[in-house]
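Asks: sequence first, then the predicted structure:
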Amino acid sequence: MDYPVILRQIRKVNQWTQTDLAKALDVTRSYASQLETGAREPSAKVIDKIKVLESKSKLHEVEAEPYVKAAPPGEFPLSEEVAVLRALVVSQQRTIEAQADTIRDMFKGRGSAACGI
C-alpha cells in the first residue's frame with residue numbers, strides 16, 4: 001500500500017495537522033511526518049491504525065491528488081518536481097544566452113585580438 005498517499009488523504013479529509021495525525025496514530029509528530037513523506041515504513045501496529053483511520057475517513061470522496069501535470073501531445077507527463085526543475089533550467093539557459101549576447105555586443109567591431117581570441 002502507498003501509506004504516504006493514504007496518510008495525506010486522511011489528513012486532507014479530516015483537516016488535520018501532522019500533530020493531529022500523530023495523536024490519532026499514537027505516535028510522535030516526527031514519526032508521523034516520516035511516514036507521510038515515505039522516509040520510514042509503518043510498523044504492523046501503526047498499519048492497523050492507518051487501516052482503521054482509512055475506513056473511518058471518507059477517502060473515496062476525495063479527489064485523487066494531482067501527481068503529474070498534463071503534458072503536451074507527444075511528451076511524457078512530468079512530475080511537478082521535474083516540471084519545476086525543467087522550467088528552472090530553461091530560465092537559466094535563457095539568462096546565460098542573454099548574457100552571452102550582451103558580451104558579444106560589447107566586443108562587436110573590436111576584432112578578435114580585443115576579445116583575447
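Replies: Nice, I can see it.
Asks: how close does residue 106 get to residue 99?
Replies: 11 Å (CB to CB, to the nearest Å). For glycine as for every other residue, the C-beta is placed from the backbone atoms N, C-alpha and C.
Asks: likewise residue 105?
Replies: 11 Å.
Asks: over to residue 9?
Replies: In terms of CB to CB, residue 9 sits 46 Å off from residue 99.
Asks: looking at those two, which is more packed in?
Replies: residue 9 (20 against 10; other CB atoms under 10 Å).
Asks: element containing that one?
Replies: helix 3-14 (DSSP states H and E).
Asks: buried residues, that helix. List them.
Replies: 3, 6-11, 13 (16 or more other CB atoms under 10 Å).
Asks: including distance to residue 33 and pLDDT, could these go into JSON lines?
Replies: Shown next, in JSON lines, are these (distance: CB to CB, whole Å; pLDDT from 0 to 100):
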{"residue": "3", "distance to residue 33": "13", "pLDDT": "88"}
{"residue": "6", "distance to residue 33": "15", "pLDDT": "88"}
{"residue": "7", "distance to residue 33": "10", "pLDDT": "91"}
{"residue": "8", "distance to residue 33": "11", "pLDDT": "89"}
{"residue": "9", "distance to residue 33": "16", "pLDDT": "88"}
{"residue": "10", "distance to residue 33": "14", "pLDDT": "89"}
{"residue": "11", "distance to residue 33": "11", "pLDDT": "88"}
{"residue": "13", "distance to residue 33": "18", "pLDDT": "86"}
